[in-house]
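please work out how this folds:
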Amino acid sequence: MGSEGPSAVTVHVTGFKKFHGVAENPTEKILSNLKSFMQKRGLPKGLVLGNCTVLEAAGQSALGPLYDFLESTIVDKEHQSPNQQVILLHFGANSGSPRFALENQAVNEATFRCPDELGWKPQRVPIFSSDGNISQIRQTTLPVKEITKSLQQMGYDVTPSDDAGRFVCNYLYYHSLRFAEKHGIKSLFVHFPLFMAIDEEVQMHFVASLLEVIVSLNL
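Below is the predicted model of the structure:
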């Protein structure tokens, strides 16, 4: 749990803007309201809510803003106490799912079913050719099953997942997991349903509960 002195966990969060077939991405709305929502609710002891950034739903052409975000978390880490944990949380929408999903892993493959918002449509392309072929996998070091179980006990319809797809969500997650491993931090991707499946208020409380569970892990 949180301790006296410097905060134990700093969490930085991204979401996405609209993409093909999803005119209103719930994660953009969630990110725009998250800081004010958490101020009213009260931040869990031991948690600092860092950058909240909404990104274009795009791959290769949107890497600049993604790495601006990633690098900013390392700059923050340099000014924190040595025992401070940094966690990257990434939110994306799955329009075909009625529940939340915590993603265990990302695959070194970009196969976009449609062009991203900046017109890129790769097919069976390795995200990092230096990592090997498109079957290469990177896994989060956060305990997905434990986090999922805690959220389920709170009443949320949430499941662990081993497949983040091959579209923009997986593309970002693979980059983030690779960056996190290099810099000794942690990364997790969470898929959200549309608001017509789970309403906005419940989704906001889900995020708050997710943050509470993460800070309680004693990482």
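
then K45 would be within a helix, right?
No: counting by DSSP: H, G, I helix; E, B strand; the rest coil, K45 is not found in a helix; it is coil.

which phi and psi does the residue positioned nearest the centre of the chain have?
The centroid of the chain falls nearest to H90 when counting by CA atoms, centre = their mean (1.4 Å). Main-chain torsions, H90, degrees, to the nearest 10: phi -120, psi 130.

how much space between S150 and E103?
17 Å (CB to CB, to the nearest Å). C-betas here are computed from N, CA, C, even on glycine.

what packs against the helix or strand bottoming out on mean pLDDT in the chain?
When the helices and strands of the chain are scored by mean pLDDT, DSSP states H and E, helix 63-78 comes last with a mean of 88. Counting contacts by 3 or more CB pairs under 8 Å, 6 or more residues apart in numbering; DSSP states H and E, helix 63-78 packs against strand 9-16, strand 47-55, strand 85-93, helix 168-183.

picking that back up, got the contact list for the residue nearest to the centre of the chain?
Counting by CB atoms under 8 Å, 6 or more residues apart in numbering, H90 touches V13, T14, G15, C169, L172, Y173, S176, S187, L188, F189, V190.

and with 6 Å instead?
With contact taken as CB atoms under 6 Å, 6 or more residues apart in numbering, H90 is in contact with T14, L172, F189.

on that earlier part again, would you tell me which of the helices and strands packed on helix 63-78 gets closest to C114?
Comparing the helices and strands packed on helix 63-78 by their distance to C114 (CB to CB), the top pick is helix 168-183, with 10.3 Å.

contacts for the closest one next, please.
Outside helix 168-183, the residues that touch it by CB under 6 Å, 6+ apart are 57, 59, 70, 74, 88, 90, 92, 106, 110, 116, 127, 138, 164, 186-187, 189.

list the buried residues of it.
Of all the residues in helix 168-183, those buried under the rule 16 or more other CB atoms under 10 Å are 168-180.

got it, and stretch 93-105?
Across stretch 93-105, burial judged by 16+ other CB under 10 Å covers A93, N94, S95, S97, F100, A101, L102, E103, N104, Q105.

quick one: least confident of those residues?
On pLDDT alone, S95 ranks lowest of the buried residues of stretch 93-105, at 92.

any weak-confidence spans in this structure?
The chain contains residues with pLDDT under 70 at 1-7, 76-82, 219.
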